[in-house]
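Novice: no sequence on this one, just coordinates:
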């Protein structure tokens, strides 16, 4: 008797991750009726409903989430074992779910993906670009690329590169409002602010008389998007403090002017790859992180 359990596990995982039978069938290169029948057979064999079906969408039940976690663990363990035995990482297959902030993702991660997919043709990358911090484990991501230190003990972090934030404004803004000469002058300027949960970045750090201090800035524009803040800065609305990968090109072309450089501290910010602890040995995850780390070893913005 042929054992279809691994096939059913792969199909159920694909349906749960893509949210539909048709999408899973396309991802697995199978016929949609076969995918639907496999999940129904699986539910019948287990005696539980794994999916809640409606005319609009599929929802994974509580039992489905429990079984999905087991499926991922079993299928990943098989992949790890085969990769270690064959030592043929170029033959890896499967999907990698990645979450990254919109601006950094578009600027720095997206350009690396074509080369990664060329090196590992059996892998697929599912990239989520969002300025909202994702629940890496709860939402089923394999890797999160983030700016800042690790705050979740259930995740492992790997530093990919250093990153400095720069205080800057447009020449048109400075012509109208003057150039701040010391950090305290920012109280008289319009500074571009962050919305929660990024509002801790509204405290701008400086070194004054050898002492590290911070200043709570204020202004008439607040956003959750670094891209929109840079746009407003270029438009002359106010002063921003932004990651250098976003502003250095404009500074080099004289569209923005760096400010208060004598008071700029050595920023402790860095770019990290974060991943669940049980993913630390998965070949596809390690391959992706290694590739991105190599691409950011000499950050393009620092050239």
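Specialist: Yep, that arrived. Since the model is a prediction, treat every value here as computed from it, not as a measurement.
Novice: okay, now residue 241: neighbour count?
Specialist: Using other C-beta atoms under 10 Å, residue 241 is surrounded by 25 other residues. Bear in mind the C-beta positions are built from the backbone N, C-alpha and C, glycine included.
Novice: Whichever strand or helix holds residue 75 packs against which elements?
Specialist: Residue 75 is part of helix 62-86 when elements are defined by DSSP states H and E. The helices and strands touching helix 62-86, judged by 3 or more C-beta pairs under 8 Å, 6 or more residues apart in numbering; DSSP states H and E, are helix 5-18, helix 283-295.
Novice: among the ones you listed, which is nearest residue 129?
Specialist: Of all these, helix 283-295 sits nearest to residue 129, with 14.8 Å by C-beta to C-beta.
Novice: Please list the outside residues in contact with that closest one.
Specialist: 79-80, 83-84, 89, 92, 94, 96, 98, 108-109, 112, 115-116, 119-120, 123, 125, 142-143, 145, 158, 160, 273, 275, 279-280 (C-beta atoms under 8 Å, 6 or more residues apart in numbering).
Novice: Nearest spatial neighbour of the residue nearest to the spatial centre of the chain, chain-adjacent residues omitted?
Specialist: Nearest to the mean C-alpha position of the chain, counting by C-alpha atoms, centre = their mean, stands residue 100 at 1.6 Å. In space, residue 100 comes closest to residue 145 once its chain neighbours are excluded; the distance is 4.1 Å by C-beta to C-beta, 6 or more residues apart in numbering.
Novice: ok, the one you found touching residue 158?
Specialist: No. At 10.3 Å, residue 145 and residue 158 do not qualify as touching, with contact defined as C-beta atoms under 8 Å.
Novice: Same drill for these two, tell me which one is more crowded.
Specialist: residue 145 (22 against 17).
Novice: Does the more buried one belong to a helix, a strand or coil?
Specialist: At residue 145, secondary structure determined by DSSP: H, G, I helix; E, B strand; the rest coil is strand.
Novice: For it, give its distance to residue 93.
Specialist: Taking C-beta to C-beta, to the nearest Å as the measure, residue 145 falls 22 Å from residue 93.
Novice: Return the set of buried residues in the helix or strand of the chain with the lowest mean pLDDT.
Specialist: Using mean pLDDT, DSSP states H and E, helix 62-86 stands out as the lowest-scoring helix or strand of the chain, at a mean of 80. Using 16 or more other C-beta atoms under 10 Å as the test for burial, helix 62-86 gives 64, 67-68, 71-72, 76, 79, 83.
Novice: Figure out how far stretch 176-183 is from the centre of its chain.
Specialist: Taking C-alpha atoms, centre = their mean, to the nearest Å, one finds stretch 176-183 lying 35 Å from the centre of the chain it belongs to.
Novice: before we move on, what about stretch 20-28?
Specialist: 24 Å.
Novice: pLDDT averaged over that stretch - what is it?
Specialist: Averaging pLDDT along stretch 20-28 yields 84.
Novice: which two from the buried residues of helix 62-86 end up farthest apart in space?
Specialist: The largest separation in those, counting by C-beta to C-beta, is between 64 and 83 at 27.7 Å.
Novice: what pLDDT does residue 150 get?
Specialist: Listed pLDDT for residue 150 reads 58.
Novice: for residue 97, same thing?
Specialist: Model confidence at residue 97, given as pLDDT, is 92.
Novice: what's the answer for residue 281, then?
Specialist: Residue 281 is assigned 58 on the pLDDT scale.
Novice: What of residue 153?
Specialist: Looking at residue 153, the pLDDT reads 64.
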